[in-house]
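Undergrad: Could you work out the structure for the sequence below:
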Amino acid sequence: MEHKTDSACFTGHRNIAQKDALLLPSALNKVTESLIVQGVSHFRAGGAIGFDTIAALCVLELRQIYPQIALDLILPCKDQSNTWDELNKRTYNYILSNADSVEYISDKYAAGCMYERNRRLVDGSRYCIAYCTHNSGGTAYTCSYASKQNIEIINIYDILRRNTP
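TA: Numbering: from 1, shown residues only. This is a model prediction of the structure:
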């Protein structure tokens, strides 16, 4: 698979550690902005609660400064947000309505659609911006898949650990 030098994807946990919650948006913003300066213009997110939402909102905010960047959503299924609370649904709908493109893996949730979404996020990306704190689950799977595809992984968790006393 050829890597697009102008694309980066996001992957991260739904639950953000309390000690990281306040620092993560700023660190993510710095990493994302540094990639924009290097020529990355397409940012791909999976639309889940947690890190995906923070990442998508970061791109939308940075797009006001860098209008050349795009937020491309690759979503597992059209009914992804059905069981979410109102605040998360409202945020999700805001992100959906402001994305530059939206692609669905399937109409309804089906076994494997999350992993297919994760692979599709990675495929064609040059960078994988992650918030990965442990070696199991969907985020770890996505980072492992990205590594096997020789995609550079930038783990925000590692950055936060280096900068936290």
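
Undergrad: Can you classify residue 87 as helix, strand or coil?
TA: helix (DSSP: H, G, I helix; E, B strand; the rest coil).

Undergrad: Around it, count how many other residues there are.
TA: 9 (other C-beta atoms under 10 Å). Just so you know, the C-beta spots here come from the backbone N, C-alpha and C atoms, and that holds for glycine as well.

Undergrad: Please report the distance of it from residue 46.
TA: 19 Å (C-beta to C-beta, to the nearest Å).

Undergrad: Quick check: buried residues in the helix or strand that contains residue 97?
TA: Following DSSP states H and E, one finds residue 97 within helix 86-98. For helix 86-98, the neighbour count (16 or more other C-beta atoms under 10 Å) marks 91, 92, 95 as buried.

Undergrad: Looking at the residues you listed, which is nearest residue 78?
TA: Lowest distance from residue 78 to the buried residues of helix 86-98 (C-beta to C-beta) belongs to residue 92, with 11.8 Å.

Undergrad: residues touching the residue lying closest to that closest one once chain neighbours are set aside, list them.
TA: Closest residue to residue 92 apart from its sequence neighbours, by C-beta to C-beta, 6 or more residues apart in numbering: residue 81 at 4.8 Å. Each residue near residue 81 by C-beta atoms under 8 Å, 6 or more residues apart in numbering is listed here: 88, 89, 92, 93.
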